[in-house]
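1. here is the input, now give the coordinates:
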Amino acid sequence: MKGTCEVCGNVRIVEKSRKSGKLTCKPCNRKHHSKRGRCSLCGKVRTVEKRKKSGKFTCLSCHRKHNSKRGRCSLCGKTRIVQRNSKTGKLTCLRCYRKHHSKRGKCSLCGKVRILQRNSKTGKLTCQSCYRKDPSNHEKCAKCGKTKWVNSRTPEGKAICYNCYKQGRYRDKSNHERCCRCRQIKPVHCRNKAGKPVCRNCNRRDPSKLEKCSLCGRLRVVAMRGKSGEPICHNCYRKDPSKHEECSVCGDVRPVAMRLKDGKAMCANCYRQDPTKDEECSVCGNVRWVAMRDKAGRAICIRCSEEV
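-> Below is the predicted model of the structure:
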């Protein structure tokens, strides 16, 4: 049934909420009445739902990444997760749908013409920047103790501000140790031969992994080697026109990351965004795209492949 949502005020497909009894759209119903917890795929604390096929609790972004249809957007022309527009019948990505079909008007606070959303507490139509600045949407952060705009919440429902969310203070710090090189307490990326923890930044700067590029002459991480085994860095490999071909998925001329069974080229962006390439990493346990495999054929993600 199509109507006006009693929470955000947008004209969408609405249904009666079991908890509040109001006519709400699906995004508002998910935002205010869904269960919050740790996603079984990405491990982040978000709004999760139990999926019918897998039976796991996953967030919306992981569900779209692994189950949604990918194709070329009819408006921007980029290869993304697309959905068919009920008004035009064309396949459009989420960004273009919001840009061209969202409710636009004059903000009740700043007066600028922007994409609007209704504040459920005050009932006013405001833009996103004014919505964040509105004191009625501010709560005391459970980590820093400051009264700010609520960016996310913990599984217990406590408010987390944007700065604490960005810095990762709400995350589990059981994997944090003092790095043996920079002496800072950071997440353990890998361990050296003596078993001491090394962070991600120090692992990237390891001089033993750098070689002099045969083209630019700089000490860089080796991206590939030539016919005679000479090292080539990432920048020189990307700039080499002989390594560029038309991608069979997005149609752009880019460096070839891999080839399909029929020999067609695929660029790195399309390869990373392909959900069929995602598997559970045998080292860290996260579901990511496979960068390499060990001798037993087990998948290893890009982050863990740097320490192998």
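
2. for the nearest residue to Y271 once chain neighbours are set aside, which residues are in contact?
-> Nearest residue to Y271 in three dimensions, chain neighbours excluded: A257, at 4.7 Å (CB to CB, 6 or more residues apart in numbering). C-beta: built from backbone N, CA, C; applies to glycine. By CB atoms under 8 Å, 6 or more residues apart in numbering, the contact set of A257 is M266, C267, A268, C270, Y271.

3. what about these, which one has the most neighbours?
-> The most crowded member of those, judged by other CB atoms under 10 Å, is C267 (24 neighbours).

4. report the contact partners of that one.
-> Counting by CB under 8 Å, 6+ apart, C267 has contacts C247, V249, C250, D252, R254, P255, V256, A257.

5. K212: neighbour count?
-> Neighbours of K212 under the rule other CB under 10 Å: 13.

6. which one is it nearest to, not counting chain neighbours?
-> In space, K212 is closest to L219, 5.8 Å off (CB to CB, 6+ apart).

7. hang on, that neighbour packs against E211?
-> Yes. The criterion here is CB atoms under 8 Å, and L219 meets it with E211 at 7.0 Å.

8. tell me which of these two has more neighbours.
-> E211 (16 against 12).

9. ok, now which ones touch that one?
-> L219, R220, V222, P231.

10. out of those, the closest to N10 would be?
-> Here the nearest of the contacts of E211 to N10, counting by CB to CB, is R220; it sits at 49.9 Å.

11. hmm, which of the contacts of E211 are the buried ones?
-> R220, V222, P231 (16 or more other CB atoms under 10 Å).

12. buried ones in the host helix or strand of R80, by neighbour count?
-> Under the criterion of DSSP states H and E, R80 resides in strand 79-84. Of the residues in strand 79-84, T79, R80, I81, V82 count as buried by neighbour count, 16+ other CB under 10 Å.

13. repeat that for stretch 246-259.
-> Buried-residue list, stretch 246-259, by 16+ other CB under 10 Å: C247, V249, C250, R254, P255, V256.

14. take those and keep only those in strands.
-> R254, P255 (DSSP state E).

15. turn the buried residues of stretch 246-259 into TSV, including distance to T58.
-> TSV is the format used below for the buried residues of stretch 246-259 (distance: CB to CB, whole Å):
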residue	distance to T58
C247	29
V249	25
C250	26
R254	31
P255	32
V256	32
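
16. what's the most distant pair in the buried residues of stretch 246-259?
-> Farthest pair in those, by CB to CB: V249 and P255, 14.0 Å.

17. ok, the nearest residue to R84 once chain neighbours are set aside - contacts?
-> In space, and not counting its chain neighbours, R84 is closest to L91: 5.7 Å by CB to CB, 6+ apart. Going by CB under 8 Å, 6+ apart, L91 touches G71, R72, C73, S74, V82, Q83, R84, N85.

18. let's check: the centremost residue of the protein is which one?
-> S61 (7.3 Å; CA atoms, centre = their mean).
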